[in-house]
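Colleague: output the structure for:
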Amino acid sequence: MNNPKPRKILRQSLANRFVHWTTALSVLLLIITGLGQLPLYTRYNVTKLPGAEWLGDYFITINLHYLAAFGLLFAATFHIVYAFARKEFDIFPRKGDMKESYQIIKAMLTKGQEPASDKYLAEQRVAYLFIGLSLLLLIVTGLIKTLKNVPGVDFSHSLLYWNTALHNIGTVLIIFGVIGHLAAFLLKENRPLIPGMFTGSISWEYVKHRHTLWYAKLLRNGEINETNHDDGSKIQSGVNSKSTSV
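Modeller: Predicted structure coming up:
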């Protein structure tokens, strides 16, 4: 007798995954090409590595930087408009998230009891806020850096100096944010969330165990039924929200 396939619940809609991966790829390209503008790659002989010569070409890196910036701006705009149009704010920060994040991290490290969680953990909402504000800083300062090249637009040297400094700070912050985002998956408790950003779905049992508030909401709204879908089919949850972090 064959064992039934694990049941799945849809956690990340196609729109969420589009925003997540467009943002991720854009940020990665922005970091790589942005460092090339310093220019670090030539200074430290990175361009001498096989296939890395293009990293030292200013015109290639600047054009790719603009392309990545456009991708990030589009993803951010789509994300905000989509969230407010559909009134889906599950990933948006809430009061008490910092305290609850501490309790969750402490529980994971000490094998204690975590507080009941909604669709997103409090720590994920805090990470979303940190990365979101860092990206906003990069977008605003990046637009100013672009506008200064437009004929007829003249900014003071002081403004350009501080704008460049803030842009560099934003770059450092987003690098730390990405590292922290990826480091979260070193913890075993978070790893079942990874498939959600590829297929959109995660384990029914995982949701029931760790996202008890969301699970109860799905049951209450009639979006899932514990007695159904034993054949492993996906539960198409209508509670879809955005995510630049898993």
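Colleague: which helices and strands does the helix ranked longest in the chain pack with?
Modeller: Counting residues, the longest helix found in the chain (DSSP state H) is helix 58-86. The contact analysis (3 or more CB pairs under 8 Å, 6 or more residues apart in numbering; DSSP states H and E) places helix 58-86 against helix 14-36, helix 122-147. To be clear about C-beta, it is placed using only N, CA and C from the backbone, and glycine gets the same treatment.
Colleague: how about 6 Å then?
Modeller: Packing partners of helix 58-86 (3 or more CB pairs under 6 Å, 6 or more residues apart in numbering; DSSP states H and E): helix 14-36.
Colleague: ok, then the element right after the helix it packs on?
Modeller: Remark: after helix 14-36, the chain's next helix or strand is helix 40-43, criterion DSSP states H and E.
Colleague: thinking again about what came up before, list the buried ones in the longest helix of the chain?
Modeller: By neighbour count with 16 or more other CB atoms under 10 Å, helix 58-86 contains the buried residues 61, 64-65, 68-69, 71-72, 75-76, 78-79, 82-83.
Colleague: and the gap between L182 and L28?
Modeller: 12 Å (CB to CB, to the nearest Å).
Colleague: and what of L173?
Modeller: Taking CB to CB, one finds L173 at 15 Å from L28.
Colleague: the inter-axis angle of the longest helix of the chain versus helix 122-147?
Modeller: Between helix 58-86 and helix 122-147, the angle comes out at 130 degrees (axes from the mean of the first three to the mean of the last three CA atoms, to 10 degrees).
Colleague: quick one, helix 58-86 and helix 14-36 angle?
Modeller: 150 degrees.
Colleague: which element follows helix 58-86 toward the C-terminus?
Modeller: helix 97-110.
Colleague: got the angle between that following helix and helix 122-147?
Modeller: 120 degrees.
Colleague: residues in contact with helix 97-110?
Modeller: Q113, E114, P115, L121, A122, E123, R125, V126, L187, E189 (CB atoms under 6 Å, 6 or more residues apart in numbering).
Colleague: output the lowest mean pLDDT helix or strand found in the protein.
Modeller: strand 234-235 (a mean of 44; mean pLDDT, DSSP states H and E).
Colleague: picking up where we left off before, can you give me how far the longest helix of the chain is from the chain middle?
Modeller: Helix 58-86 has its C-alpha centroid displaced from the chain centroid by 13 Å (CA atoms, centre = their mean, to the nearest Å).
Colleague: cool, and stretch 178-189?
Modeller: 12 Å.
Colleague: pLDDT of stretch 25-37, averaged?
Modeller: Per-region confidence: stretch 25-37 scores 92 on mean pLDDT.
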